[in-house]
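Novice: Prediction below, plus the sequence it came from.
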Amino acid sequence: MEQYLEKGREVLKILLNNGCEAYIIGDAVIRLIMGMPIKEIDITTNATPEMIKGIFENAKVEDLSPGSVLLTYMGYTFKIRTFRLEEKYKDNRKPLRLHYSKNLKDELAACDFTINAICLSYGLKITDAYKGYDDIRKKKIKTIGSPKVRFYEDPLRILIGIAMVSEYGFKIDKKTLKGMRRRAKLLANIDPLRMKDVLKKIFEGKYFKKAIRYLVETKAYKYIKDLRKGIYFLAQHPKKKSIDTILACSYILNKKYSTTWDFLTDNSDRLKRVVELALINPKSKYDPYLLFTYGLDVCLDSNYVMHLLRKAKNKQRKIKKQYNSLIIKSMSELNFTSDDFLKISVNAKPYIDLIMKDVITKVLKGELNNEYYEIKRYVVNALEVYGVEPSINEIEEKKEDVYREYNEYVDNEENKIEDEKFTSQDENNNFVSLPSGNEINTIDDLKRKVIEIEKTLREKDQKIKELERQALEYKLEKDINVIVDQNLELLRDLNYIENGSEKILLSRELKEIYKGIIKNVNSKYRLLNEEKEGSKTNDESEN
């Protein structure tokens, strides 16, 4: 006998030893009769929730719905429900009065289906008040009493009946099926959270195909929010699908994602990306950027769902091949980060996403090498297009990059010349030098190239100095504005000036005064004076 069942009997014994009546009821009993593995155990007892908490004070007991608790005992969970007598329902579920009962018959009469009203005692004796055992043998799902009344009391029972179809493969009694159809519209009043466990049983059951056809036949599917189209489509092509696939099909057919059923999936973020990708790329034509952005698993899932919905061809092998050929497969493999943008300039932030997308696309296409300095040069040029100048530190680094490239080039050319000196061998296989004329010509070529590079360097130095000057002027202007604004505010508080033309004139004068003072006393800003004097000298010499 299963360990779970043995622990359930221990719980019964503890309740019995405390003067209570207790039985295992519902799914566990059905599975025991059918010889199926037990997944969960429900217990019904005349003990109230407060009494159960007292009896199992050393175990974990949590409140569930009114009259029910969840007991965790020896590593196993048990839903324990007090005998009840329900009457006069409100809003198709909430009873106006819920009375506890000391009579097992009252509890069984309040059950939904005959097969759910079979009890098992500690001594493994069965109590079957509504011939549920016979219905199990006939593989029939049948309500206790009038189906219309039972489904009006709680419309969720419609889905519970269909969930049992999915789990056991039973058929629904004709009268019960008719009652389901008549009361199906009441499912619109049920909170999706209450449907969670029941829908999981329907979608994950062994007899999913049979169950989903019942969802359509009873019209219950119409009142399951946001899943109507997906359930109807799958009923026409009834192969068992995962919960995520069912949700994805529904959202894609709805042309929008819904968070209503996020509690049904283990990874709502991934599901959302699958739906998003399917909607923007219904034919599953993935370019390198889409493959890189969404990743292999999401792309495969998106194509699978779109193929299932007959909107795209099955491209699983092609997608894997395309993905494996990518130069980089994740942001961690790109030798440039968002922080590197901010090192170039703090003003780069608004353009990071736009330029980064361009960088990734070019790297994936092979138009840009995945090398830090090459990407950095590209980003600096891209930022300049948007009017974002590099910081002072970045200008210094840029200068160093230019000199480093120059030195590397000169070293490489000198090495080539040395190699060309020894490109011939004599009869004894000894290296001999080339004629001196060839050596001179090669050196002359190098000198010409060096002159060209030096000219380029001078031009870049001038540009760098101009950038430095502009950056200094910008910072000086910003600092002076702060100083002058503080001075004017103080003068206004002391009633020396008023707002108006007087303040504007004084502001201009103060800015010129502070600019002259700072340029003379701060060595960092003397560069601005030198640049100004240098430009004057050049003008005079030209004249």
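Specialist: Perfect, I can see it now.

Novice: Tell me how this structure divides into domains.
Specialist: Taking automatic domain parsing as the reference, the chain has its domains at 1-138, 273-331, 335-469, 473-542.

Novice: from memory residue 49 sits against residue 69, does it?
Specialist: Yes - using CB atoms under 8 Å, residue 49 is in contact with residue 69, at 4.9 Å. Glycine gets a C-beta too; all of them are placed from N, C-alpha and C.

Novice: Need the residues touching each of those two.
Specialist: Shared between the contact lists of residue 49 and residue 69 (criterion: CB atoms under 8 Å, 6 or more residues apart in numbering) are residues residue 63.

Novice: what's the closest of the domains of the chain to residue 188?
Specialist: Residue 188 lies closest to domain 1-138 among these, at 9.8 Å (CB to CB).

Novice: now that closest one, how far from the centre of its chain.
Specialist: Relative to the mean C-alpha coordinate of its chain, domain 1-138 is positioned 40 Å out (CA atoms, centre = their mean, to the nearest Å).

Novice: Between residue 49 and residue 69, which is the more surrounded one?
Specialist: Set residue 49 next to residue 69 and count neighbours by other CB atoms under 10 Å: residue 69 wins out with 22 against 18.

Novice: who are the neighbours in contact with that one?
Specialist: With contacts defined as CB under 8 Å, 6+ apart, the neighbours of residue 69 are 49, 52-53, 61-63, 79-80.

Novice: sec struct for it, please.
Specialist: Using DSSP: H, G, I helix; E, B strand; the rest coil, the three-state assignment for residue 69 comes out as strand.

Novice: What's opposite it in the beta bridge?
Specialist: Assessed by DSSP bridges, residue 69 has beta-bridge partners residue 63, residue 80.

Novice: So which other helices or strands are in contact with the lengthiest helix in the chain?
Specialist: For the chain, the longest helix by residue count, based on DSSP state H, is helix 436-493. Using 3 or more CB pairs under 8 Å, 6 or more residues apart in numbering; DSSP states H and E as the contact criterion, the secondary-structure elements in contact with helix 436-493 are helix 392-420, helix 501-521, helix 526-542.

Novice: quick one: that helix to chain centroid distance?
Specialist: Here the centre of helix 436-493 is set off from its chain's centre by 45 Å, with CA atoms, centre = their mean.

Novice: any idea how far residue 510 is from residue 37?
Specialist: Distance, residue 37 to residue 510, using CB to CB, to the nearest Å: 87 Å.

Novice: picking that back up, pick out the most distant pair among the contacts of residue 69.
Specialist: Between any two of the contacts of residue 69, the greatest separation by CB to CB is 14.5 Å, found for 53 and 79.

Novice: hey, where'd the strands end up in the chain?
Specialist: Shown for the chain, the strands assigned by DSSP state E span residues 22-25, 41-45, 60-63, 68-73, 76-82, 84-90, 94-100, 118-120, 126-128, 140-141, 171-172, 424-425, 431-432.

Novice: Using CSV, write out every CA atom in the third one.
Specialist: Read it as strand 60-63. The C-alpha coordinates for strand 60-63 follow below in CSV (Å, rounded to 0.1, in the frame of the first residue of the first chain):
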residue,chain,number,x,y,z
LYS,A,60,1.7,23.0,10.0
VAL,A,61,-2.0,23.9,9.6
GLU,A,62,-3.1,26.6,7.2
ASP,A,63,-6.6,28.0,6.6
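
Novice: what mean pLDDT does it have?
Specialist: The average pLDDT within strand 60-63 is 94.

Novice: which residues touch it?
Specialist: Applying CB under 8 Å, 6+ apart, the external contacts of strand 60-63 come out as 49, 52-53, 69-72.

Novice: Quick check: nearest residue in space to residue 9, chain neighbours excluded?
Specialist: Spatially, and ignoring its direct neighbours in sequence, residue 9 is nearest to residue 122 (5.6 Å; CB to CB, 6 or more residues apart in numbering).
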